[in-house]
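> have a look at this fold, sequence not included:
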């Protein structure tokens, strides 16, 4: 029996809806073997982040080494990173182990609005990790922060995605979930703009959607799918997980990563 191993490098969410926990659930549901290197412990739930305890960069480096030297991943998802030393350690490991199919989700702010990346680390994130990525997956607020552009229309989304793709020499999936009206995503690769339509589902339960989407892309890449197909398949997975209508917590609740095996409601 063989199964594609996938590594997530991200923070832990104690309430289970985002971060490492969301990544591992997604990888499992999509038929992969999930592995992790934790960048930070967070005390958080659906209403917000209470405290962050970052992992020392040297220990993060050891986590990645332990995984890669025993079970080399076929794809890597990088989510929440906390500071510059962590970014240095991750970039060095990607190069050292020649890690394939790197998906970078530039997690800067949680769904609740809490900052997850130290402000001075943004430059290191973009200069060291973005160029190593096969694809980056910013949402609209993150893209605004990265480009300094206002993004309120499809034309401005195309301009922002093109700017990021050219600047960092990587494919870009610009997520449209924060836009008013449609929630179409824009995939920019090799100079081509591809719109991926999405269904707007009215719900407050969207905690961990970015983590889930990026880890789904990595999972499909690890199984040999081309990048565009991986992006489309990941979009389908997350849309259906949101549509399943899981309702937990008192804030922005998690999505149903295991929607495919949830028991049907009994009358």
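Nice, thanks for sending it over. The shown structure was predicted, so the numbers you read here are calculated from the model rather than taken from an experiment.
> low-confidence stretches in the stretch 151-267 of the chain?
Scanning the stretch 151-267 of the chain for pLDDT under 70 picks out 177-182, 262-267.
> all strands for it, in order.
For the stretch 151-267 of the chain, strands defined by DSSP state E, counting those that start in this stretch occupy the ranges 171-174, 185-189, 192-196.
> partners of the last one in the sheet?
Right, strand 192-196. Paired neighbours of strand 192-196 in the sheet (DSSP bridges): strand 185-189 (antiparallel).
> so how far is the strand it pairs with from its chain's centroid?
15 Å (Cα atoms, centre = their mean, to the nearest Å).
> residues in contact with it?
Here strand 185-189 makes contact (Cβ atoms under 8 Å, 6 or more residues apart in numbering) with 135, 154, 157-158, 161-162, 164-165, 171-177, 193-196, 198, 227-228, 231, 235. Quick note: C-beta positions are derived from backbone N, CA and C, even for glycine.
> try stretch 191-203
Counting by Cβ under 8 Å, 6+ apart, 154, 158, 161-162, 165, 176-177, 181-188, 228, 231-232, 235, 239, 242-243, 245 sit against stretch 191-203.
> show the end-to-end separation of that stretch, please.
Taking Cα to Cα, to the nearest Å, stretch 191-203 runs 34 Å from one end to the other.
> in helices only, show me the contacts of stretch 191-203.
154, 158, 161, 162, 165, 228, 231, 232, 235, 239, 242, 243 (DSSP state H).
> quick one: which two of the residues you listed are the most distant?
Greatest spatial distance among the ones in helices among the contacts of stretch 191-203 (Cβ to Cβ): 162 and 243, at 30.9 Å.
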